[in-house]
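[1] Quick one, what's the 3D model for this:
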Amino acid sequence: MRAIVAEKHGGPEVLVPADLPDPVPGPGQLLVRVAAAGVNYIDTYHRTGRYETHPPFTPGVEVAGEVEAVGEGVTAFAPGDVVATADAIGGYAQKALVDAGRAVPVPADVAPERAASIMLQGLTAHYLTHSTYAVQPGDTVLVHAAAGGMGLLLTQLVKLLGGRVIGTVSTPQKERVAREAGAEEVIGYEGFARRVKDLTGGRGVPVVYDGVGAATFEGSLAALHPRGLLALYGAASGPVPPFDPIRLSGAGSLFLTRPTLAHYVATPEELRARAEDVFGWLAAGRLDVRVGGRYPLAEARRAHEDLEGRRTTGKLLLIP
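    Sure thing, here's the model as predicted:
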């Protein structure tokens, strides 16, 4: 099969096409013929070694496709089933292994490509808005990178729950995209904390959803009202430097969390419940996923360059 291999840790240039043997499913595993693989910031963390990986390896955790074979002990799925996951093993390939307990069935009214485009980010947006901070009707929240794949989904789910969104973007084109998704106020990054305070009558917001990291961290804290929560779910601009937690007290008894999807889909039951919500909203037209770029598998390097260069909006996909 064709696959992408990261031969060493480094920049996008370490991603090279290769011919590899087809994987063989072990006990409890599925072999999935990949219809589409999502391109996510976590893939860049694996590529650079920020998250522990051992080159050479095939990156990619988010895929959807048809089950081709099942390993010993698998009873929940059979060949021919269409599944999706945010926990694939080697998703940048024509075929990938998936633990059966981390896969969910894709409804017949959701195309596999759409399932791949929403699995990781859709589940992340679900837990952030329903569990990390449960958005209440009337809440005004700050969503960073509101025109990105995550930002667009967060904006829509906040709106679905009756909240109001202030979104940050970097270009006029991205402002239009964020407003189309439902953001009432769209602002630039320069001085955003002061602007958020102005837009909330000087009070600030109860929650900031921040996947940017180092570049926005200080402003995100400053944009919160007392006892507000900063949900730092990513670090697209780099990791946040160490800081003294006593600052949270002085700024209004603030809360800081660094959540990750694995802890919010810790059981197959929780995983399926969140996925059923997301797929249900998608099928009913209550949630839209914007695919900002489709790349042939061999162009994984370019997909990473575009993602990290902030040249895209919405979701990026590799199509084997």
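[2] going forward, measure contacts and count neighbours with C-alpha atoms only.
    Noted.
[3] how close does the nearest residue to A100 once chain neighbours are set aside get to K95?
    Using C-alpha to C-alpha, 6 or more residues apart in numbering and skipping residues adjacent in sequence, the residue nearest A100 is Q29, 5.2 Å away. Distance of Q29 to K95, given as C-alpha to C-alpha, to the nearest Å: 13 Å.
[4] For those two, indicate the residue with more neighbours.
    Taking other C-alpha atoms under 10 Å, Q29 and K95 do not tie; K95 has more neighbours (27 against 22).
[5] How far does stretch 19-37 stretch from one end to the other?
    End-to-end distance for stretch 19-37: 18 Å, by C-alpha to C-alpha.
[6] Please apply the same query to stretch 90-109.
    Per C-alpha to C-alpha, stretch 90-109 runs 27 Å from first to last residue.
[7] Would you indicate which residues of stretch 250-259 are buried?
    Across stretch 250-259, burial judged by 16 or more other C-alpha atoms under 10 Å covers 254-256, 259.
[8] hmm, who's touching that stretch?
    132, 221-222, 224-234, 248 (C-alpha atoms under 8 Å, 6 or more residues apart in numbering).
[9] Rank those residues by pLDDT and give me only the lowest.
    Lowest pLDDT of those: G234, 92.
[10] show me what contacts it?
    So G234 contacts 210-213, 258 (C-alpha under 8 Å, 6+ apart).
[11] let's go with 7 Å and repeat that
    By C-alpha atoms under 7 Å, 6 or more residues apart in numbering, the contact set of G234 is 210-213.
[12] would G65 count as being in a strand?
    Yes. Assessed by DSSP: H, G, I helix; E, B strand; the rest coil, G65 belongs to a strand.
[13] Give me the neighbour count for it.
    27.
[14] T85 is in contact with that one, correct?
    No. The criterion here is C-alpha atoms under 7 Å, and G65 misses it with T85 at 9.4 Å.
[15] Spit out the contact partners of the closest residue in space to A3 that isn't next to it in sequence.
    For A3, ignoring the flanking residues on the chain, the nearest one in space by C-alpha to C-alpha, 6+ apart is A93 at 4.0 Å. Contact partners of A93, counting by C-alpha under 7 Å, 6+ apart, are 2-4, 320.
[16] How about Y127?
    Y264.
[17] again, 10 Å this time
    Contacts for Y127 (C-alpha atoms under 10 Å, 6 or more residues apart in numbering) come out as 133-134, 259-261, 263-265, 274.
[18] Show me which of the residues you listed is closest to G80.
    Using C-alpha to C-alpha, R274 comes nearest to G80 of the contacts of Y127, at 23.3 Å.
[19] right, and the closest one touches H126 too?
    Yes. Using C-alpha atoms under 10 Å, R274 makes contact with H126 at a distance of 6.9 Å.
[20] Does L230 belong to a helix, a strand or coil?
    Going by three-state DSSP: L230 is strand.
[21] Assess the claim that it and S220 are in contact.
    Yes. Using C-alpha under 10 Å, L230 makes contact with S220 at a distance of 6.9 Å.
[22] Need the residues touching each of these two.
    Between them, L230 and S220 share the contacting residues 142, 205, 207-210, judged by C-alpha under 10 Å, 6+ apart.
[23] got CSV for these, with distance to E185 and secondary structure too?
    Shown next, in CSV, are the shared contacts of L230 and S220 (distance: C-alpha to C-alpha, whole Å; DSSP: H, G, I helix; E, B strand; the rest coil):
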residue, distance to E185, secondary structure
L142, 10, strand
V205, 13, strand
V207, 15, strand
V208, 14, strand
Y209, 15, strand
D210, 16, strand
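[24] mind listing what Y189 touches?
    Neighbour list for Y189: 144-145, 167-170, 195, 215-216, 219 [criterion: C-alpha under 10 Å, 6+ apart].
[25] dump the residue contacts of T267.
    T267 neighbours (C-alpha under 10 Å, 6+ apart): 101-102, 273.
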